[in-house]
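Peer 1: A structural model of the following input is requested.
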Amino acid sequence: MFRKFVARGDGCWTWKGRIHRDGYGQFKLDLQARHAHIIGWLIENRAPLAGKEVDHICQNRACVRPDHLRLQTHRENTLRNSGPVARRYREARGLEPGQLEEDLVVVPEEVPEEVGREWVSPFSRPEKTVVED
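Peer 2: Model (predicted):
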């Protein structure tokens, strides 16, 4: 039933069913309207969302193509979108649209032996130093 509302193409697979005013496709399941991209992700992956959100890599809210969707935390989903909060966040940090600071960090697979206990994670924040006059 779901697939009959999908227009497959080379790029996005556009939802041809009902589109909500916010641009997301809607699919009725158990007598409730659900976001079509979430239902599409669940059909394809057969796995629970595990507290995450389904995000459009393509930024097309009507797209239901599985390889255009990814699971993200709410923070990642909010900051990667095109809303004002995300724009201010990126502008303040000099990031490109859709980019987060985590995208710029290269995490080593193993801690180098010569560094040992002194190795500092790239995700740790430096402690604030107090300067006394």
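Peer 1: contacts and neighbour counts: CA atoms only from here.
Peer 2: OK.
Peer 1: if I look at Asn45, how far off is Trp15?
Peer 2: Separation of Asn45 from Trp15 (C-alpha to C-alpha, to the nearest Å): 18 Å.
Peer 1: okay, the two: which has more neighbours?
Peer 2: Legend: neighbour count by other C-alpha atoms under 10 Å for Asn45 and Trp15, higher for Trp15 (25 against 11).
Peer 1: Excluding chain neighbours, what is closest to the more buried one?
Peer 2: Val6 (4.9 Å; C-alpha to C-alpha, 6 or more residues apart in numbering).
Peer 1: separation between the one you found and Arg80?
Peer 2: The spacing between Val6 and Arg80, counted by C-alpha to C-alpha, is 25 Å.
Peer 1: Of those two, which one has the most company?
Peer 2: The neighbour comparison of Val6 against Arg80 (other C-alpha under 10 Å) goes to Arg80, with 24 against 20.
Peer 1: where in this protein is pLDDT low?
Peer 2: Counting by pLDDT under 70, the chain contains low-confidence ranges at 104-133.
Peer 1: do that again at 50, thanks
Peer 2: Scanning the chain for pLDDT under 50 picks out the ranges 111, 115-124.
Peer 1: ranges for the strands of it?
Peer 2: 6-7, 14-15, 26-29, 32-35, 53-56, 69-72 (DSSP state E).
Peer 1: same for the fifth one, what does it pack against?
Peer 2: Looking back up the chat, that one is strand 53-56. Judged by 3 or more C-alpha pairs under 8 Å, 6 or more residues apart in numbering; DSSP states H and E, strand 53-56 is in contact with helix 36-45, strand 69-72, helix 74-80.
Peer 1: cool, and the second one?
Peer 2: Counting contacts by 3+ C-alpha pairs under 8 Å, 6+ apart, strand 14-15 packs against strand 6-7.
Peer 1: Determine the number of other residues adjacent to Leu100.
Peer 2: Neighbours of Leu100 (other C-alpha under 10 Å): 18.
Peer 1: quick one: contacts for it?
Peer 2: With contacts defined as C-alpha atoms under 8 Å, 6 or more residues apart in numbering, Leu100 is in contact with 76, 79-80, 90.
Peer 1: what's the most distant pair in those residues?
Peer 2: Glu76 and Arg90 (12.2 Å; C-alpha to C-alpha).
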